[in-house]
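**Q** Pasting the sequence and the predicted coordinates here, then a few questions.
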Amino acid sequence: MQKRLTKSEDKIVSGVFGGVAEYFGWDKAWTRIGGGALILFSFFTGLLLYIIAAIVMPEKDHGNDTPDGEFHKY
């Protein structure tokens, strides 16, 4: 299975920094601290990038698909 960048289930705002930390295998707390610093010190640019990432990044797939590709909700 191919590794994908997705939003984290362990989210504080939208799951962007948690998803980045899970993808790269980083500590979530330090990734969030670094991301928050990026937003604070880059002003509009960091906030804009965060909003774009929150919109573009997909939610995590829970594996509810059956082998034939049909989705069944129980």
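**A** Cool, the structure landed. Numbers count the residues shown, from 1 in each chain.
**Q** helix, strand or coil for residue 51?
**A** helix (DSSP: H, G, I helix; E, B strand; the rest coil).
**Q** actually residue 20, not the one I wrote
**A** Going by three-state DSSP: residue 20 is helix.
**Q** Tell me how far it lies from residue 33.
**A** From residue 20 across to residue 33, the span is 13 Å (Cβ to Cβ, to the nearest Å). Using the backbone N, CA and C atoms, a C-beta is placed for each residue, glycine as well.
**Q** With neighbour numbers in mind, choose between these two.
**A** residue 20 (20 against 12; other Cβ atoms under 10 Å).
**Q** ok, and the closest non-adjacent residue to that one?
**A** Excluding its sequence neighbours, the residue lying closest to residue 20 (Cβ to Cβ, 6 or more residues apart in numbering) is residue 31, at 5.9 Å.
**Q** What distance do you get for that neighbour to residue 16?
**A** Per Cβ to Cβ, residue 31 is found 10 Å from residue 16.
**Q** which secondary structure element contains residue 17?
**A** According to DSSP states H and E, residue 17 maps onto helix 16-24.
**Q** same question for that helix, mean pLDDT?
**A** Regarding helix 16-24, the rounded mean pLDDT is 92.
**Q** which element follows it toward the C-terminus?
**A** helix 28-42.
**Q** Give me the below-cutoff pLDDT ranges for this protein.
**A** Under the criterion pLDDT under 70, the flagged ranges of the chain are 1, 62-74.
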